[in-house]
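S.K.: sequence first, predicted coordinates after that:
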Amino acid sequence: MGIDSAQLQPDLRSVRQVLVIAPHPDDATIGAGATLAALAAGGAQVEVVNITCGDKGTVDPSQSPKDLVAIRQAEERTASAILGLSAVRFLDFPDFAWLEERPVTLAILAEIRRQKPDALFFPDPWLPDEGHPDHRTVGLAAAAALVAAGLPHVFPEAGPAVPSPFAVLYATNRPNLFWPAGPFWERKRAALRAHQSQFPGALPDLLMGYWAEQSEKWDGGDGPKEALRVVSALLMHMAPQIDV
Ligand SMILES: [Zn+2]
């Protein structure tokens, strides 16, 4: 067909630069913590960019949103260190505020053009049961930024055009890659526990059990895996797929 198969089927194991887009300061851990820890342990630079500040993430009416931002940033830094990631950043868009897609796309595009990642992790905005507007908007913005990365006339203020990274969608129900978590499963559990404001008490263990069960239903019982969807940049536009 005249197209190198590597362009259509990128190999996540070969990445050197990874940019992770997270709507909130816990989503990278939840969505792909074990995979990111494994890639970092293998020598890749893994940087997480948290789009919103997470100031609405509480069920406690007495919790000050302003204080919560500081708490969640500290938790995210701790989790990121547990996972062995290279850097974590915070763009501080407001949480649960029906973000506009355009400014978020510009912000993500600037991150892509600065870091020039091989792989861009972001939440699957087409997850059918996703109820959180930040996850839908940030996912769509990340997909648009990926497509725009190499187009110099799209948001030139975001920096010089760079080759588009391939997409790694997390929190997806259309996985095409089951990443064996191995020893990094327990690192993910520890990182999840670090997000105490979000996952108090037994919640980390409950969720880890649920995710392990889900991956077993999808891909067998030989240890917990993270379900991801890897899509080449070439297939992120006008490319219907029936592979899942
Ligand atoms: Zn989130």
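M.R.: Yep, that arrived.
S.K.: ok, for S86, nearest residue in space, not its chain neighbours?
M.R.: In this structure, S86 finds its nearest non-sequential neighbour in Q45, 4.7 Å apart by CB to CB, 6 or more residues apart in numbering. In this view, the C-beta of every residue, glycine as well, is placed from N, C-alpha and C.
S.K.: do you know how far the one you found is from the ion?
M.R.: In this view, Q45 and the ion are 23 Å apart by CB to the ion, to the nearest Å.
S.K.: and for F96?
M.R.: Separation of F96 from the ion (CB to the ion) stands at 9 Å.
S.K.: just the terminal-to-terminal distance for stretch 188-204.
M.R.: End-to-end distance for stretch 188-204, by CA to CA, to the nearest Å: 10 Å.
S.K.: oh, and call the first residue 31 from now on, that's how I've got it
M.R.: Done: numbering now begins at 31, and the last item shifts to stretch 218-234.
S.K.: within the helices and strands, which one has the residue nearest the centre of the chain?
M.R.: By CA atoms, centre = their mean, the chain has its centre lying nearest to F152, at 3.7 Å. With secondary structure defined by DSSP states H and E, F152 is part of strand 149-153.
S.K.: helix or strand right after the worst-scoring helix or strand of the chain on mean pLDDT?
M.R.: Sorting the helices and strands of the chain by mean pLDDT, DSSP states H and E puts helix 35-38 at the bottom, at a mean of 73. Going down the chain from helix 35-38, the next helix or strand is strand 47-52, by DSSP H and E.
S.K.: quick one: residues contacting the closest residue to the ion within the chain.
M.R.: Proximity of the chain to the ion (CB to the ion) peaks at H54, 3.5 Å away. Each residue near H54 by CB atoms under 8 Å, 6 or more residues apart in numbering is listed here: N80, I81, T82, G84, G87, R102, D125, D164.
S.K.: buried subset of the residues you listed?
M.R.: Among these, the ones that count as buried by 16 or more other CB atoms under 10 Å are N80, I81, T82, G84, G87, R102, D125, D164.
S.K.: now the last one: how far from P193?
M.R.: I take that to be D164. Taking CB to CB, to the nearest Å as the measure, D164 falls 28 Å from P193.
S.K.: thanks a lot, catch you later.
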